[in-house]
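Trainee: Any chance you could fold what I've pasted below:
(chains A, B, C, D and E)
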Amino acid sequence: MTGSPRGGILAGMRKLWTKRRSGAGAPPGTLIADPAASPTRIRFVGFGPEELVEETIDDPMAIPSLLERHRIVWVDVTGLRDLEKIRALGEIFGLHPLSLEDVLNVPQRPKHEEYGDHHFIILRQPRAVMPLESEQVSLFLGRGFLLTFQEREGDCLDAVRERLRKGTRIRSEGPEYLAYAVIDAIVDGYFPLLDRYGEVLEELEDRILEGSERSALPRLHDVKRDLLALRRIVWPLREMMAALLRADPPIFPPDVRVYLRDCYDHAVQLMDITETYRDLGASLMELYLSTASNRLNEVMKVLTVIATIFIPLTFIAGVYGMNFDPDVSPWNMPELRWRFGYPLSLALMAVVALLLVIYFKRKDWL
Amino acid sequence: MTGSPRGGILAGMRKLWTKRRSGAGAPPGTLIADPAASPTRIRFVGFGPEELVEETIDDPMAIPSLLERHRIVWVDVTGLRDLEKIRALGEIFGLHPLSLEDVLNVPQRPKHEEYGDHHFIILRQPRAVMPLESEQVSLFLGRGFLLTFQEREGDCLDAVRERLRKGTRIRSEGPEYLAYAVIDAIVDGYFPLLDRYGEVLEELEDRILEGSERSALPRLHDVKRDLLALRRIVWPLREMMAALLRADPPIFPPDVRVYLRDCYDHAVQLMDITETYRDLGASLMELYLSTASNRLNEVMKVLTVIATIFIPLTFIAGVYGMNFDPDVSPWNMPELRWRFGYPLSLALMAVVALLLVIYFKRKDWL
Amino acid sequence: MTGSPRGGILAGMRKLWTKRRSGAGAPPGTLIADPAASPTRIRFVGFGPEELVEETIDDPMAIPSLLERHRIVWVDVTGLRDLEKIRALGEIFGLHPLSLEDVLNVPQRPKHEEYGDHHFIILRQPRAVMPLESEQVSLFLGRGFLLTFQEREGDCLDAVRERLRKGTRIRSEGPEYLAYAVIDAIVDGYFPLLDRYGEVLEELEDRILEGSERSALPRLHDVKRDLLALRRIVWPLREMMAALLRADPPIFPPDVRVYLRDCYDHAVQLMDITETYRDLGASLMELYLSTASNRLNEVMKVLTVIATIFIPLTFIAGVYGMNFDPDVSPWNMPELRWRFGYPLSLALMAVVALLLVIYFKRKDWL
Amino acid sequence: MTGSPRGGILAGMRKLWTKRRSGAGAPPGTLIADPAASPTRIRFVGFGPEELVEETIDDPMAIPSLLERHRIVWVDVTGLRDLEKIRALGEIFGLHPLSLEDVLNVPQRPKHEEYGDHHFIILRQPRAVMPLESEQVSLFLGRGFLLTFQEREGDCLDAVRERLRKGTRIRSEGPEYLAYAVIDAIVDGYFPLLDRYGEVLEELEDRILEGSERSALPRLHDVKRDLLALRRIVWPLREMMAALLRADPPIFPPDVRVYLRDCYDHAVQLMDITETYRDLGASLMELYLSTASNRLNEVMKVLTVIATIFIPLTFIAGVYGMNFDPDVSPWNMPELRWRFGYPLSLALMAVVALLLVIYFKRKDWL
Amino acid sequence: MTGSPRGGILAGMRKLWTKRRSGAGAPPGTLIADPAASPTRIRFVGFGPEELVEETIDDPMAIPSLLERHRIVWVDVTGLRDLEKIRALGEIFGLHPLSLEDVLNVPQRPKHEEYGDHHFIILRQPRAVMPLESEQVSLFLGRGFLLTFQEREGDCLDAVRERLRKGTRIRSEGPEYLAYAVIDAIVDGYFPLLDRYGEVLEELEDRILEGSERSALPRLHDVKRDLLALRRIVWPLREMMAALLRADPPIFPPDVRVYLRDCYDHAVQLMDITETYRDLGASLMELYLSTASNRLNEVMKVLTVIATIFIPLTFIAGVYGMNFDPDVSPWNMPELRWRFGYPLSLALMAVVALLLVIYFKRKDWL
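Mentor: Sure, this is the predicted structure:
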């Protein structure tokens, strides 16, 4: 999902039905590749407690013979452009056309489905923040194999690969443990993202409280929108993991379930933090609006005070600027002929100004 | 539902009880046709794995004999004006008067009801956007037949008809698969609509962030109202599909249920996107209001600054415009007689203006 | 419930405890009549497939003998003033004192209660809109009889009476079908009300979008308050009907339940529309506030522009209105002696005005 | 709970932990009396169908002998200061120390707990409104006795005492019926309170719609805060009563449960009205804000219009107040020498004013 | 969790994944100590009804022999820096690596997990307010032992230690009662905090109603954010305690469960008060905004009135300041030659001012 600078969530969502629309009415299970997708690369990892074979495979037909040679196999597919390869993989592993359709028609919501002898799990791994980008990871977990599909090169699974190479416990366990490790790595991959949003929120809070808040608005909007999108990812993720744990008969052996429960706790925490951040975002928006409104009030008050003080003064000056002629009659502006007319008029102005200042001070407007 | 340019949702809703009111107190199951409805046209499609017969039927009484000749029959009725034909169809297929009443009294909420030997399903298919228009599709699914009622010509089922003609798997399955195909086509028909709303939201977001936001308000209101209406359609649609999947004994054979589950996923996604768009709409409204308020603040500040700078200057000019006569007494405006009185007064004004500018700069109001 | 022009919901709610307060501490089941209630009138309807007797009864003691003569009996009581009659009816039909208390202590929430051999159902029928007025209808459904209590003359049950007179199916069914017919008529009676609110909302929307929105505020508030009150009626109504349908053992025979389910659908639709209208009302309030704020901004801008253009001009005029005497020194306002002093000063003003206009145009404030 | 004029809810809530804090870390069940509590008074009521003994007891040790002499006993304790008496009662009736702690550590949430042979019920009775004050009533319901604790003299139970004295049905029933009567009296005691809040809301609505809304704000805030507090009382009250009705084995005999169900209905109605009032309060706040904002707009418009009309006029007057000397050159303000210069200038001003008035009329700003 | 003056909640949340990130991809159960954590100190408390031994232990290896000597053992660990000691404790008590990971990876959400022979409980104890700081307390409850981990020295458990020393009932009960006492002390530790927030809210309410509300905004924001954070702690705390009570088979013996139920009630009350405070905070924000807006309106009105009264007066003065020459023609400002020209002009101004004042009084703007 390559999001435009703005509109990440909208762009991502719209991509879905642009594709689906073209296939509308087609029989279900019809596979349509996105010509803009990355080229397909198949990485094969076969392992057992004592061995580990990693190789990049060009022809999926080589897999059946490899499958026999290894206790556990991880076929890691990157890029969804090459329809033939994907279809071949589907046949080799006996995947349902509908699930392959879901693999290709990204983005899908995180979900779990059972297909007789294998399980189909859809996750989203984070890619970038501001705007949020995420990418679908599809897992097929069967007897002795784990098949993963990702949209592009580059992921958060390198640590899993490293653990496989180092030959820790992961090599002695079944594909369920491997699936757990993949899910765990993906779930944990969201924490740095949230960290980033937390940083931005902290920064925005500081800026709003300091008063340099103008530019905060579009960024706050961006964060809020990203968190909205994140919530739409994390919520079904958590639900899906709860379903994995509750499944009867159980999908994962008891010792792996202990770990998955831990991973589920992390997903709950993700949800928790996302919600807290959303609440904080709403609270910051409120703070921003109040602060901006307070600032306006401040400016308005100064205007009021200055204008209101000068308006009567200007009026007095205006009166003595009238051209009534004291020569014509003694009633006509005799002040102009007074010895201290001018100083008295200035004094009058000063008194009026002073009274107004006192009034405004009393009213606490100054 | 021919909506007025504005008020699509209200117009649609009000249409319901305008009709119902006239029938209030009538015994339940009394059929009343809307004279403004489209004329009734019956399209008959009979098919089996090897055959396909399509014809337009004028007299429903021709159907019983056709029913015997085909393994599976799809009677596709368009237009709800001709009460006689609809009543005849009800008798031929043994439909309950209450369900026929629901067929005619559009719009109804999406729902599913079981009537002994057949199932009655109400859906809404989208028609147009901005304002949102949708149309009721009523399905009767029985042994060997599918009966559909639509309000007007033109629908999103052409792809289903095409698949029937092409003779894919759809011809070998039962009427349940056909019903699934119809439901699937209708559900998928909402995605282009959502795409349109997504586009509008993206456009509105751009316009609001750019600042040319005035005209955004009525459009934003329209989108929000349409999404509100859409939610009222999609929510019961999803519930109804969940009920179809949960029904015990099952309505659909296992292999069709896998597909229906997929279709249910799409309905969930519809709901998900609708909710996200609603949240985005609310967020955009907030952004709009804040942006508009910021703009006003900007204007206010400039006014404040310009006015507040000139008000004291004008006052000074006013003072020296007073007509106190320096001839009368040396106390009366001696400045007027100063050699540099005028330049000094201008200098005074400049100093005052400068001080105010510095003050405003400091306060960050400029 | 005769509501004051404003405060319909409050007045109705307060009426309840004004009465209850007087009876507080009284033993439960003590009947207290409201002296302001309408006089009690008892209409007796006895019927069977072939017969129908309608008469107004003065002495409730005449009922036991009438009961024996008719297969099914509907005793329709209007007005709650005459305590003796109501108590007598309670004894004749074996009603529990608590339920009779609920009949008199209007308004109660819609609810359903079972008392051994009869069922007690409370509904509210609509009376008027803007402000919303509704009235309690209490139903006692027992073996062979239906007993209804209404607060005042005039109701939405005339269609039911008409159907009884016309001798349709309703005469061949039991009292449960009659009860269904009454409930159905009451539920359907809400639709014209909603239609009215829909009309008002449409009208308000038009007025707000057109800009003549001032007077829209109190009306919008009235609609919102009425919809709030309506929701408090419709929500328990729907719940009560769901309880009637779920009751185990069933209250209604299977064929009547099909109809009641249909009626329940209408109640759900009522709820749905009420909620949609409430959402629309909130949306209109938001639109109203934004529109009003936009209008203010518009006015503010014009003020800003006009004031800000004239303030410097007036200042310039003020400067040349100063009385510095060019005779005293060549430094004092030599412009006054220039040949083209006046035209130049006017030109200066025009240039300043022009620059400001250009500036405001650029800023898009004009 | 003696609330300060403002801060009733906060004061009440804070009182709780001020006390609890002092006892933090103390073993559970340690009884600590509040020295500011009212002095303890024990009223003993023993009764049967034919007898009634009321007396005030000083030494709780007199109770065991009294218990034997009466079929049913109600020990009504007022004031929580005298720890010894309360502890003695606890021993006589076999109460759990934790429940006695709850009796003393007021305020507690309404709740129900079962302790083997007796039931412990906490309720709150209303005391005063604006600000809302309520008081804890603790009930212990056991075989043949009801023990009630109240914080202060004065309650809403006088009607119950009156009914006991009058010897109605209440004397023939067991302590469960007495407990019901007490609960019913307390629940009904909330209705006059709600009536008061209803009155205030009605009054506020009138004042806001009339426009004299300034002083409405703090009162509206008070009502909203009180309703918030009331909701926190009524919600657990309703839950507690539902639990009492659901309890298995049942606490109340069937005939009393019919009455309790009625009382539960009242609690539901309380909740319903409280929620409606809260919604109304929120709606009034919105109305208030809009009305205040409208009023400001009105004032702003008048300012705009008057200022904008006079600013150009003043400018024109300023121009002709400039001191350019027509003697110096014919270009300098020749208007001053025109025969009709002055009337023409006044006419110019009138024309400008008229044009502006027309413009503002057109814009609908006047 | 050492929070910065601002950003307590954000800082605390971000700390979590800063740590987790470094360990991302590591095998689960890998223990990583935070180098900034407090040094680890182990306090050993062994007791029975008749004995109590308290000592600080340096080498965890001393514990196994101590375990045998005491009926019940409480190992109280403070500071999480010393990984070796913690790992050793894990081995001695047979703790699962994942739970030890949770002990170190603070902060975790309050939760309860069962590991065969022991229970793992995570709580948070409050540390400071404004900003809110809390600290993780991890409990391991097994046969005969309670193991607690805290982040730093200083806690709210001193009362528990005191009770152990005093030899009350706590010494005769099992480790479950001890665990209850610890949980109870922690839950009760939140009440003084809430008291503090209650005080601040009361103070803020007073200040807002009095009008000195400017500085209230950032504090109100702080309180709201803290209450948001508190809710995120208290909600899972309550859930966790409900789970502890519901656990089947029960974790706590019946007599301890009575106490735990009491403690659960306190947690519910915590939740209740937190929610009430949040609602109050929102209500205060609304009140603040309305009050601030009202104040602005007040200022605006005074400006309007003063400006609008003086603007026409200034205009009149401006007119008679024009230099049209009465000598040139009798049409030119004859008023200047009138005997009472000046008094009349002043009278005109007074009349205009008076009319405006009356107008504003009528409009209720003054």
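Trainee: now A:Thr276: how far from E:Phe340?
Mentor: For A:Thr276, the distance to E:Phe340 equals 77 Å [C-beta to C-beta, to the nearest Å]. (C-beta placed from N, C-alpha, C; glycine too.)
Trainee: neighbour-wise, which of the two wins?
Mentor: Applying other C-beta atoms under 10 Å in any protein chain shown to A:Thr276 and E:Phe340 shows that A:Thr276 carries more neighbours, namely 22 against 14.
Trainee: where's that one, which helix or strand?
Mentor: helix A:254-319 (DSSP states H and E).
Trainee: what's the angle from that helix to helix D:254-320?
Mentor: 40 degrees (axes from the mean of the first three to the mean of the last three C-alpha atoms, to 10 degrees).
Trainee: mind checking how far helix A:254-319 is from the chain centre?
Mentor: Averaging C-alpha coordinates over helix A:254-319 and over its chain gives two centres that are 20 Å apart (C-alpha atoms, centre = their mean, to the nearest Å).
Trainee: and it, anywhere near chain D?
Mentor: No - applying C-beta under 8 Å from any C-beta of the partner chain, one finds helix A:254-319 out of contact with chain D, separated by at least 8.9 Å.
Trainee: Quick check: next helix or strand after that helix?
Mentor: Next along the chain after helix A:254-319, taking DSSP H and E as the criterion, comes helix A:341-362.
Trainee: who touches that next one?
Mentor: By C-beta atoms under 8 Å, 6 or more residues apart in numbering or on different chains, the residues outside helix A:341-362 that reach it are A:305, A:308-309, A:312-313, A:316-317, A:320, A:335, A:338, A:366, B:319, B:322, B:324, B:328-329, B:331-333.
Trainee: ok, and which of those residues reach chain C?
Mentor: Answer for the contacts of helix A:341-362 near chain C (C-beta under 8 Å from any C-beta): B:322, B:333.
Trainee: Show me which residues of chain A are close to chain C?
Mentor: Counting by C-beta under 8 Å from any C-beta, chain A comes close to chain C at A:Gly321.
Trainee: Where do the domain boundaries of chain A fall?
Mentor: By the assignment in automatic domain parsing, chain A contains the domains A:8-291, A:295-362.
Trainee: what is the mean pLDDT for the first one?
Mentor: Same thing as domain A:8-291. With pLDDT averaged residue by residue, domain A:8-291 scores 87.
Trainee: Need the domains of chain A in a markdown table (columns: distance to D:Thr168).
Mentor: Below are those laid out as a markdown table (distance: least, C-beta to C-beta, whole Å):
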| stretch | distance to D:Thr168 |
| --- | --- |
| domain A:8-291 | 55 |
| domain A:295-362 | 65 |
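Trainee: Distance-wise, check the nearest residue to A:Tyr320 once chain neighbours are set aside relative to D:Leu95.
Mentor: Leaving aside its chain neighbours, A:Tyr320 sits nearest to B:Met322 (3.8 Å; criterion: C-beta to C-beta, 6 or more residues apart in numbering or on different chains). Distance, B:Met322 to D:Leu95, by C-beta to C-beta: 92 Å.
Trainee: ok, those two, which is more surrounded?
Mentor: B:Met322 (27 against 21).
Trainee: wait, A:Leu270 sits on A:Tyr190?
Mentor: Yes - counting by C-beta atoms under 8 Å, A:Tyr190 is a contact partner of A:Leu270 at 5.4 Å.
Trainee: who touches both of the two?
Mentor: Common neighbours of A:Leu270 and A:Tyr190 (C-beta under 8 Å, 6+ apart) are A:Val234.
Trainee: And for A:Ile306, nearest residue in space, chain neighbours not counted?
Mentor: Looking at A:Ile306 with C-beta to C-beta, 6+ apart, the closest residue is B:Thr308, at 4.9 Å.
Trainee: typed the wrong thing, it's A:Glu205
Mentor: Closest residue to A:Glu205 apart from its sequence neighbours, by C-beta to C-beta, 6+ apart: A:Leu284 at 5.9 Å.
Trainee: wait, isn't that neighbour in contact with A:Asp206?
Mentor: No - using C-beta under 8 Å, A:Leu284 is not in contact with A:Asp206, being 10.6 Å away.
Trainee: So for those two, which sits in the more crowded spot?
Mentor: A count of neighbours by other C-beta under 10 Å puts A:Leu284 above the other of A:Leu284 and A:Asp206, at 25 against 13.
Trainee: mind checking how far that one is from A:Glu84?
Mentor: Look at A:Leu284 and A:Glu84: by C-beta to C-beta, they are 51 Å apart.
Trainee: In chain A, what residue lies closest to chain C?
Mentor: A:Gly321 (6.8 Å; C-beta to the nearest C-beta).
Trainee: what about that residue, how many neighbours?
Mentor: 27.
Trainee: Touching, it and E:Met322? I think so.
Mentor: No - using C-beta under 8 Å, A:Gly321 is not in contact with E:Met322; the gap is 9.9 Å.
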